[in-house]
Each structure stands twice: as structure tokens, then as C-alpha cells.
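*Asks:* Test case, fold it:
(chains A and B)
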Protein chains: 2
Amino acid sequence: MAGDSHQLILMPSGRHGEIRHGTTVLDGARQLGIELESICGGRQTCGKCLVAPEYGKFAKHGITSDAAHLSPPTSTEQSYAQKQGLDLSQYRLACAACLEGDVLLQIPESSLARKQVVRKDAGELAVEVKPAMQMVYVEVPAAQLGGRADWPRLQSALAEQWHLHNLSLDSYLLPKLQAALRTEKGAVTVTVWQGSEVIRVEPGYVESLYGLAVDIGSTTVAGHLCDLRTGAVVATQTMMNPQVRFGEDLISRISYANDPQGMSRLHHAIMKALNDLAKDAAQAAGIKPNEITDLVLVGNTVMHHIVLDINPIEIGHLPFALATDEALDLHARDMGLKAVHEGARVHLLPCIAGYVGADNVAVLLAEYPALKPGVTLIVDIGTNAEILLCIRDSLSTRILSASSPTGPAFEGAQISHGQRAAAGAIERVRIDGHNIRYKVIGDERWSDELNPDESLRPTGICGSGIIEAIAELYTAGLIGSDGRFKPGAPHDSKHVRFNGKLGEIVLASGEETAAGQEILITQKDVRAIQLAKAALYSGVRLLMDRLNIQKVDDVRLAGAFGSYIDPLYALRLGLFPDCDLANVQSVGNAAGDGARIALVNVDQRQWIQQLVRDVEYVETAAEPQFQDYFVDALTIPHAIDSFPHLEEV
Amino acid sequence: MAGDSHQLILMPSGRHGEIRHGTTVLDGARQLGIELESICGGRQTCGKCLVAPEYGKFAKHGITSDAAHLSPPTSTEQSYAQKQGLDLSQYRLACAACLEGDVLLQIPESSLARKQVVRKDAGELAVEVKPAMQMVYVEVPAAQLGGRADWPRLQSALAEQWHLHNLSLDSYLLPKLQAALRTEKGAVTVTVWQGSEVIRVEPGYVESLYGLAVDIGSTTVAGHLCDLRTGAVVATQTMMNPQVRFGEDLISRISYANDPQGMSRLHHAIMKALNDLAKDAAQAAGIKPNEITDLVLVGNTVMHHIVLDINPIEIGHLPFALATDEALDLHARDMGLKAVHEGARVHLLPCIAGYVGADNVAVLLAEYPALKPGVTLIVDIGTNAEILLCIRDSLSTRILSASSPTGPAFEGAQISHGQRAAAGAIERVRIDGHNIRYKVIGDERWSDELNPDESLRPTGICGSGIIEAIAELYTAGLIGSDGRFKPGAPHDSKHVRFNGKLGEIVLASGEETAAGQEILITQKDVRAIQLAKAALYSGVRLLMDRLNIQKVDDVRLAGAFGSYIDPLYALRLGLFPDCDLANVQSVGNAAGDGARIALVNVDQRQWIQQLVRDVEYVETAAEPQFQDYFVDALTIPHAIDSFPHLEEV
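*Replies:* Prediction:
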């Protein structure tokens, strides 16, 4: 141990090394590769860099750590400690305490500059917190006669105190800089976007740094408000996409966009919703909406275009051309997002193809790191099914992407008594012997577990309910593998009826339902599900052909439908190729997770842009094989041998 | 002469060299360092690259040029010639004609890509036309199933066809790209800003490229509308600064800015004026205002700040701090300039100090190239006088800058019957024997040249008139070198009167004037001019001291006052140190010239930013020597020896 340097040991990482006598713990830790949080720039005022020295003999490390091995608390440190009720015998400010001997320190998680945020939905993946926005506190010298103007003085201060060079100034700040610099005598907290542009200047010392990640679905808009300093979600807010009143599915939105004023109405409806979402989320978290300085938006290509005020008309017909598929960095104010901070930025993830949007890219961003060796199928089922087929070996990962025109049947649309997966929807169905049982969303009981005077009062049937019903109908022998209701099948007397040649089954009688009308599954409904699942299955098969593989090892179901569906029934009906049931999992709102990852870590935005350009997009409609697979896949559970053809319904 | 290459001789430059057989004249000229105009990118459709081959024996060059030495006209070229009435025996398209033997060609000025624009006011200086905006015509392949989106396809086309790489897209274009690309089947003309950002996309082949250079004076706003392809001024428009109604001089504007809503009124008044100016100039030139895509704005620091919506309050008191003194590139739409193109950019030249603004930087930009060896004094007189003192030797040029608080007296403000230099203002005065003669702006005759029934009907006296009047009063012995009217001086009976101790002189009687009231110069007016000229002179002297020089070799007077004033009288009154009268010249609206130079040549914007940082600003008010010089300079014509003190008036 040299006389002019000492051992510094940082726990829990165990990093250690020789550090020069008199170095602050903050700088010493930096030399050992551990970046501690610091907003005040070592001024001993922000208290972000707290460390806990431990004293005693540490045989394993060969040192004795002692209180006297750190410089005594400074007066600034003492005044901070007094104000904050901090015990300086237990905690020291790393920017104040200097090494005067060997020391072993505990570094609390909260003092680490690059915190780890744990994804909630998937439960495993950790993402480094490295937002696009950086907040720094600077003290700018007062203006002097014959000296430089406010902005160059601020630039110099940022360069000298934070090594931030060649910064530009967001032009909206030009009229505001002067007052901000004079309110607290030149002391300001500056927010810098991507190390390149000053986007916020606030008088004095400020800590607030928030971002909003939004998944704009055709039906639902979901936002996560995150503290960008910690990565923590501080509020989650969901609302209906108000565009629903202009059309349920994407095609009807595209069509409405071309009505007079239709485009303008669609755009303004979603912008108002996003502003409301920001306000609601901020209120829920107890902050002001204008504390939000960064946003990440994802959505399918039609939502993506409408948010950008781009008419989606070209997506509605061949060759499904997008106006742009690149990642975008925009000003929130230019987009009409007035609720958030005036200097706030918006990042949109890239798109892949006409019907594979930024939401699917977000799914990939969320799921990619946890891909196991072998073949993983990721399916996000909405109005279309977006399919990602990934094959990973020790050397590389290859990703294929496709969109399959499933139509909205899986979402309960265009089904006689279909509805969205919401309270009151039948989501589970069992048919055994004479009995039909069901469960509705919002109640844990089966319909046959009720007392005679109780009722579940179903309002309709959602996608997962239809899937289960059809699989159960097939197992019970009420429909054939061609999907036709079998005349003269066992229980038809009670539940199955025929209108001429077309069968239907009563799931709930008029006495049971909320509206007092029967909830049926008709022959037409069975056909719609057959068509949807055939489209999905065929898309997956085509991608498998491209990779020349016969089976998938893992299946991940994303999105609302993916969260509700029972994987067993999805397999029984043949939505996707056979796979070990244990390896089929729902990954919830993976698009929202991906948006959140991009929000808290700016490197991930760069990385996914690179990755997306390597994704091999397969235009299923252009593949001659598609129709063969499609016709085969119409059978239930799936094609064992070729199937002649379906009766027209 | 190698069998596979030929001599190409380009006149009038005389550039020549061996060019490979089959090379187009366009490429051949490029290889010889002559860039020809081309918008269509060699498609033989724009006709910008016309060249005139000459045929015969050119002994001096040792070649025989022959029609057969160029490839025969292509069918595209023929169809262009037919449509445009072009004689292909006289002119060829350089992008179509290929070298098949020795050729001598005349290159018309209009075919040169970098045209020279000649300044009007100074009459000599030539500036290369190299605008910030570049227009290129591209053909973008149609969208394909599974292919890239519109914007990346446009990017690829720009990279392949024009070597424009890494372009970004102005975000306002996102919703417009799709339609622009589909109107003419992918044929678009793209305007690129500074080789980095696409700011306009128009269907088909378009040539229109206009810019507006504006000098925003406290009193007058003057704009030059330029064709950015040629550098030519196609319209010049001048209007009153509507802020005048909120205060005549800068101090009263600053004061008004701090009234409730004052700042907002000042800002909106000037933005409306700039929009109106753009519309008027466009109308005068027969174009639409939204054909203007680039603007350069200059103005004094207060105008500069108000245009940027920055409250000028800090300029109004020590230390006269600017919010920013750097050059700025902004979006016209963000500033509220709605009349011009939605993608138009605005460049503001940098400022030097609290009272040395972008207008003075423009003066420097205009005057710097023509500086002769020795010492040049450039004075721009408005409400303040901005002084540039330049010393050039064979190795370098050193520039000092100062602002002198002359007050508005030179502009006719705060003078009893003062007015701006406009029609009706007395601008020339002669006093000889018993007679006082004058001239008014708008009439070439002297007042004593009129018939008895005619009248000039003066409305007041402008700055140059006051200067002449005071110099003449001194020469005629009516005022002393201390500026006091002499009691009992010769012609007092007719023109000079005394109110107690204070003299005054009647320039025009009530019968002569437009308002029917006398136009006088009072003792107070003489004092105001003495103070103003003392301030100017002292500022110049201080800068001369810094350079340790005793005399200046050249004097250039800029601005409206500088255009009207007779240099002889300016010298006689001692506005600046002695200088050979032959070397005092008016350079007219040099600030406007500088703005125009920056508009047509983007390199000049870069260059002046560098230069300005080397300008040595001297804060005259901070120099102890200033007051000594000031008191000395109060005398008329100027300090021969120290002058005791002035009587209070």
C-alpha cells in the first residue's frame, strides 16, 4: 500500500482498487467504474451520492476500515445532514468524504447512477436506467459589461462543470433563458436531451424528471408514467381510444380518414386522448403534467400514422405503403401534445412493414433479450396478428416477421354476440354431457356454481370464450373437423338448433343474460374463427418454411387476447403449430413493456433501430404457398390431411 | 492526343484538358473544375446546362472543333429543343452531348452553377451564389409490397441520384410526403437545407427558389427578395416599423416592453410587419409569398430580441446583457412567419454586444471584403452609432467595435422641428450673407430658386439638415465654437432671435412651411447635436487609442443618415476625426447588403460567425478616457484645446 494511496472497497459489488490520498469517494468510485448519482455536481447539496462506510477489520480484503480514514464532515455536509436528519456516522456524502486511509463502503442501490429497473409483466428482465434526458445543476456567472450573452455563458458553464459540449438550445427557450438565469442568481437546473440539446432550464435546484410510455392500440390507449431517475412506474393509466366511435377496426378507421374532415377528427381525437392520458397519469402520480419531458409512443401502423397526422389511406390497399418506417424524434408541442412540458420530446419506435408497426417492434424490444436458444414464436393478436419467428443459436439470432389478416374475430368483433374482453364477457366455456358452463370476466365462479337466485348476467362473448366454445364443441362432437354443426348430434335437443342447414348453439338463455336475449354461437361465428385461425396458422407456417423448421420450441402470446386465452385451447383449436404446452406463455402487454424500456433507456432506442433493419419481413399475401396452408388450416384442430372445401355460409 | 480521349476547351475561362471519349460535356466540364447548372440531374429535361459549341480551327489552342465531335442530339434532347424552340446547331445540353473529338465550347453565364451576383449599392463586390437551399429533382421508385416506406425510398433516391446522404426530414413534411410522391408518380423536386435536411417536397419538376433578406431597423423595415438561383434582387420593399407607435427610440421600446402586454404587442407588431413585407415583396415580384423558403434577418439588438420574443429589458441597463449573441437558425413557422413557406428557415446573424447588433455584423459582412490596407472607420448612425475600426495590413485584419450613445438627434428625434429623413424634410441648409437657403427631400431645387407663387412646403428638418445648419451657423459666425448663439452677431435682425439668453434661428417662416408654423433651430437643438457628435467622436477616438493610431485612412458612412449626410459637413462639424474628404464615402444600406450576402451565400454565414468572435468589443462607457474626449468633442468643429464647460440649457 503506497503512502499516498489507499484501498477503496465498494460493496456489494466488491470492486476495489488503490485510490490516491485525498480523492473524494465520488471520484474514487468513478475510477473503479462505479458511477454514483449526482445532480448538484459535487456541491454537497443534493444528497444523491450517499454511501455507508463500514468500520472494522475485513480480513478477507486485508484492510481495516476506520471512520478516521475518511475526511471529517464538511460544514456544507453537516448542514445538509442537519436539514435532512442524516446520521453522518452511518452515511456520508460521497462528494464530500475524501480518502485518508483504507475504507470499505456499502453503496445503496439508490445511489447508483445507473439503476436497474425490473419489468413488472415479464418479471425477470432488468433494464439499465439511462434516459434520453439528463438533468444537471449549474451555476452560471452573472453577465458582465462587454462579456458574452446569457446562452453562451450557460454553454460555457455546462462545458466546464459537466463536460457537456456543443449543446444547442431548443428555440422555445430563447425568450425564457434570461428570466430563468436571473431568478436564482445564475443557479439553474438544465435538462439535456441526448447529450446534445438543452430542452428545459429551471431556476435553482430541481429534481423532477418524468417520462410517459404509451401504447396506442386501436381500442385501448395505455400509458406508463415513469420516474426517469429511477425507472420506476409511478402511474399507469388506460383509456378507450376515442377513435372507436369512428370505426371499430383498422379498415374502418382508414376508410373514415378519407371522409371529409375524417382525418382531422381521427387525429385530434387521439391527440386529445394523449393529452388527457398525460394529465390523468400525472394527477395519479401527484405531479404536474408539464413535468413530463420525454415520451415514447408505439402503436400499429395505422395509429402511428394518424398520431403523426399522416393519412393512413396507403396502408389500406396494395402495396400497403407506409409514409415512414423509421424511428422518429419529434417535439411534443409540434404534435399538439400541449399538456406535457413545452420542451418535451417524443420518440416513436420504427415500423417494420405495412401492417407490422411500432407496437410490434416494442414487443420485439421487450421479448428479444429473453429469447432462449431454439425457435421462439411471438404472436401479438389484435385486429391483425403480428408474428415474429426467432431462431437463436450460440452465434446469432435470426428474426422473421409477418402480419396475418386474421380480421377482428379474435377480438370478438364480427361475431354474432361477440364483444371486447371486458367485464361481463364470457371468457371460459365448458361443454360436457348435457351441460354448458361458462365464466364471465369479473367473476371467478362458473355459471353452474351459482345459487338459483344468482346470475352472472353475461353481456356477450369475447375472443377467448369463442375459442374455448369452438374447441369444446369439437371435443363434444357437436361440430366436425370441418366446423359444421352436425345434424342429429347428441345434445342438440337442448342447446343445438338448426335454421335450415345452419346450426347454432345457445351458450346462455335469455333468462341468464344482462340484455334478456340469448347468447349464441352461430355457424357463421364458427366460420369467422376458422378463417381467423387459418390466417394466423398459415402465416406462422410460412415463416417456419422460410427457416426450414418443423416445430417451434417456445410460444409467447402478447396483447389483450394473448393475456386472456388459455394456451391449451389455443393449441386444441390449432391457432399455431404444436408446441409443448409448458412452453406457451402469455407475456401480457409486451408492446407497453417495450415502450417503457425505450423510455428509460435511450441506448435501447438505438439498438432496436439497428435490429429492426435485420428483421426479415415476409409478405404472406405474396407467397403462393399461403392459400394452400390457409385452406388446410381451416380444419379443426388443424390439417391432418388435405380438406376438400368448406360449404359457403 | 490519345485515341480514347479528346481536348475539351471551355470558354470564356479557357479551362481545358483531355477528357475520355464518350464523356458528357457536363461531366467533362466538372472534371475541369467547371460546375454547370443542373436541376434534372442529367435527365435532359431542365435545360439549365446549355452550352454553345464553336466550330472551326482554333490555332491558338491547336485543335479543330467540329459538330461531328459531339454525339448527335438524343431524342430527349430533340424533344426538349422542339418544345423550347432551341436551335441544336447553336446550343446543346451538356448532359446529353458526349465528346467524340476535340471541342471548344462557350459556357453562357446562366449555365454556371455558381453564379456571381453584383452588389448594387457598393457597385463592386461580387458574391458567389451559394444559397443554404439546394433544389434537386429526383424520381423515386414506386412503393412495393414488403418494400421500404416513402421517406426511406426518397432518401435512397437522393443519395443515389444526388449524393445527398444522411438527410433528415423536417417534421411538418411527414403528413405531406405521401401525396407529393404520388401526384407525379414519384417525380418530385426536393429542397434541401444546408445539405442536411429536406424542407420542401413538390410534385414534378419545379424551379422556384426565393429568399428574403430583411434589415429590421427601429424605424424602417427593409426587405430584399432574391432569386436564390441567380442571386438577383427581384423586389425591394420598405415599410415603417409598426413598433414606432409604441416609442420612437430603443429606450422607449424597452420601456414599453415592460408594460403589461407591451412585449407581446411589440413582438406581434413586428411579426405582422414581416409577414406583410413578405407578401408585398412577393406580389411585387409576381411570385407567391410561400415560394420564399429562406430568410436572413438582421437588426439592432433590441429589434433582434423582440423578433425572437425575448424581452429586451436586460439591454436597457447595465451590464446590457443579451440573451444570446450567437447566430441562429430557426423555423419561420415557429417564429410566427406564416406568410412564407411552411418549411422556410430563418437565419439571424450574430450580435457583438449589448448595443452592437446583427445589423452591425451585416455591415461588417458587406464592407469587410473591400477594406483597403490601412485604417478604415465604418460608422452606422441610427439611434446609437455603431463604430467599427479596422486596421488591415498584408498579414491580417484587426477589428475593433464600439457603440456610442449618440441618442436619436442625428435621426431628427428630440430636435424641436426634427423629423425623419422623408419627403418634406429639410436636408440641406446654406447660410451666406443675409440669406438662408434650404432644400427639402423630394425636390431638387433650393428654396431661393422658386417662383414667387411656388413653395417647397417643408415639414421639418432631418439629421443631415441639422448638421448642415449648425456647420453653416458656425461658419457664418452666428454660433461660437462652444455652440452658443452669439448675441449681437450679424444677421440676427432677420433670422436669429433671443429668448432671454437662449438664441434660435428661423430656417423657414410660417408662410413657407406645410403646417404654417416656423421651422426653427434652437439653442437646445444645437446642444443635442453637440452631445451626439461628441459621443460619436469620443467612441471613435477611444478605438483609435486602442490601436495606437492618430488618423484614419478611409471613412464609410452606413445607414439612412449616412446616405443623406454630406461628408464635407460631417467633417466640418467634427463627427469623426479628420480624413481626406475623397476617402469618405456613403455605403448606403450596408446592413441590408450584408443580410443579402448572407442570404445568397451560406458560407458567408459561417465565415462571419468566425470573424465576429475575433472582433474586439470596447465598452466605451467603461473607459475612463471617454469623458475627457467627450467634453473636448463638444466644441465645433472639434477640440483644438480643452473647452471650459457648456452653459446649461
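
*Asks:* starting at the chain centroid, how far to stretch A:84-100?
*Replies:* Between the centre of stretch A:84-100 and the centre of its chain there are 39 Å (Cα atoms, centre = their mean, to the nearest Å).

*Asks:* what's in contact with that stretch?
*Replies:* For stretch A:84-100, the external contacting residues (Cβ atoms under 8 Å, 6 or more residues apart in numbering or on different chains) are A:6, A:8, A:19-26, A:28-29, A:36, A:38, A:40, A:42-44, A:47, A:49-53, A:67-71, A:73-74, A:76-78, A:80-81, A:111. (Glycine included, C-beta is placed from N, CA and C.)

*Asks:* Tell me the buried residues in that stretch?
*Replies:* Within stretch A:84-100, the residues scored as buried using 16 or more other Cβ atoms under 10 Å in any protein chain shown are A:86, A:88, A:91-100.

*Asks:* Could you provide those in a markdown table, with additional columns for pLDDT?
*Replies:* Shown next, in a markdown table, are the buried residues of stretch A:84-100 (pLDDT from 0 to 100):
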| residue | pLDDT |
| --- | --- |
| A:L86 | 88 |
| A:L88 | 91 |
| A:Y91 | 91 |
| A:R92 | 93 |
| A:L93 | 93 |
| A:A94 | 92 |
| A:C95 | 90 |
| A:A96 | 92 |
| A:A97 | 93 |
| A:C98 | 94 |
| A:L99 | 94 |
| A:E100 | 94 |
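
*Asks:* when you check the contacts of stretch A:84-100 against the helices, which ones overlap?
*Replies:* Counting by DSSP state H, the contacts of stretch A:84-100 place A:25-26, A:28-29, A:76-78, A:80-81 in helices.

*Asks:* show me what contacts A:L26?
*Replies:* Counting by Cβ under 8 Å, 6+ apart, A:L26 touches A:36, A:38, A:42, A:49, A:94-95.

*Asks:* And the furthest pair within these?
*Replies:* Longest distance between any two of the contacts of A:L26 is 10.3 Å, between A:L36 and A:G42; criterion Cβ to Cβ.

*Asks:* When the two are compared, which one has more neighbours?
*Replies:* Between A:L36 and A:G42, counted using other Cβ atoms under 10 Å in any protein chain shown, A:L36 has the larger neighbour count: 25 against 16.

*Asks:* So in terms of bridging, what pairs with the more buried one?
*Replies:* Beta-bridge partners recorded for A:L36 (DSSP bridges): A:L112.

*Asks:* right, and it touches A:T24 too?
*Replies:* No - counting by Cβ atoms under 8 Å, A:L36 stays clear of A:T24, with 10.0 Å between them.

*Asks:* thinking again about what came up before, now the contacts of stretch A:84-100: which count as buried?
*Replies:* By neighbour count, with 16+ other Cβ under 10 Å, those hold A:6, A:8, A:19, A:23-26, A:28-29, A:36, A:38, A:40, A:42-44, A:47, A:49-51, A:53, A:69-71, A:73, A:77, A:80-81, A:111 as buried.

*Asks:* can you list the domains in chain A?
*Replies:* Chain A breaks down by automatic domain parsing into domains covering A:5-111, A:132-203, A:210-348, A:367-408+A:530-633, A:416-523.

*Asks:* which residue does the stretch 351-500 of chain A bring closest to chain B?
*Replies:* Distance from chain B to each residue of the stretch 351-500 of chain A (Cβ to the nearest Cβ) is smallest for A:A353, at 6.3 Å.

*Asks:* Torsion angles phi and psi at that residue?
*Replies:* phi -160, psi -180 (degrees, to the nearest 10).

*Asks:* mind listing what it touches?
*Replies:* So A:A353 contacts A:301, A:320, A:322, A:325, A:401, A:403, A:617, A:619, B:146 (Cβ under 8 Å, 6+ apart).

*Asks:* What is the least confident helix or strand in chain A?
*Replies:* Least confident helix or strand, chain A: strand A:116-118 with a mean of 53, by mean pLDDT, DSSP states H and E.

*Asks:* helix or strand right after that strand?
*Replies:* strand A:126-128 (DSSP states H and E).

*Asks:* Check which helices and strands that next one is in contact with.
*Replies:* Contact analysis of strand A:126-128 by 3 or more Cβ pairs under 8 Å, 6 or more residues apart in numbering or on different chains; DSSP states H and E lists strand A:116-118 as its packing neighbours.

*Asks:* The residue nearest to A:M11 when sequence neighbours are not counted pairs with what?
*Replies:* Nearest residue to A:M11, sequence neighbours excluded (Cβ to Cβ, 6 or more residues apart in numbering or on different chains): A:Q106, at 4.9 Å. Counting by DSSP bridges, A:Q106 forms beta bridges with A:M11, A:A52.

*Asks:* from memory A:Q106 sits against A:G14, does it?
*Replies:* No - A:Q106 lies out of contact with A:G14 (Cβ under 8 Å); the separation is 11.3 Å.

*Asks:* Tell me which of the two has more neighbours.
*Replies:* Relative neighbour count places A:Q106 above the other of A:Q106 and A:G14, with 16 against 10, counting by other Cβ under 10 Å.

*Asks:* how about that one, what does it touch?
*Replies:* By Cβ under 8 Å, 6+ apart, A:Q106 lies in contact with A:11-12, A:51-54.
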